[in-house]
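>>> Pasted the sequence and its predicted model underneath.
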Amino acid sequence: MLVIVLENAPPRLRGRLAIWLLEIRAGVYVGTYSAKVRDNIWSQVEQGIEDGNAVMAWRTNNEAGFDFMTLGTNRRIPVELDGSKLVSFLPELDQGAL
C-alpha cells in the first residue's frame, strides 16, 4: 500500500499523480506498487512540488509496519528515536517577534 498526501501542490503534479494513483480526497493518493515504481513516483513529486509539501507512506516489514518520508516545509518533521520513526512538531512562529 502506498499513500501520498500533497498540500499546496501545482495542478500539473496532481494530474501527474492521478495517472498512477487513485485520488480518494483532494491531494490524497493511494495505490499498490513495487519499491522501484514507488521511487519513480516520488522522484516526480520531488521535481514538481515547487512551494508545496508532501508526505509518502508505504507498507514495509518493520516494527510499525510502515515507513514514510516528507518533502517541503511543514510543522511536522520525522525524527528517529531508538530505531523508530516518529513525528515531531516544530514550534509555531511567534508573530509578535517578527
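Arrived safely.

>>> Identify the residues contacting Val28.
Val3, Ile4, Val5 (CB atoms under 8 Å, 6 or more residues apart in numbering). Where C-beta positions appear, they are placed from N, C-alpha and C, glycine not excepted.

>>> repeat for Gly83
Gly83 neighbours (CB under 8 Å, 6+ apart): Glu63.

>>> Can you tell me how far it is from Leu22?
32 Å (CB to CB, to the nearest Å).

>>> next one: Ile49
20 Å.

>>> higher neighbour count, the two?
Neighbour count, other CB atoms under 10 Å: between Ile49 and Leu22, Ile49 has more, with 18 against 10.

>>> The more buried one and Glu7 touch, don't they?
No - using CB atoms under 8 Å, Ile49 is not in contact with Glu7; the gap is 9.6 Å.

>>> So for those two, which residues contact both of them?
Joint contacts of Ile49 and Glu7 (CB under 8 Å, 6+ apart) are Gly72.

>>> Break down this structure into its helices, ranges please.
Assigned helices in the chain, in chain order: 11-20, 35-48 (criterion: DSSP state H).

>>> outside of the first one, which residues touch it?
I take that to be helix 11-20. By CB under 8 Å, 6+ apart, helix 11-20 touches 4, 6, 23, 27, 29, 31, 33, 37, 41, 44-45, 48-50, 52.

>>> please redo it, this time with the cut-off set to 10 Å
2, 4, 6, 9-10, 23, 26-27, 29, 31, 33, 37-38, 40-41, 44-45, 47-50, 52, 54 (CB atoms under 10 Å, 6 or more residues apart in numbering).
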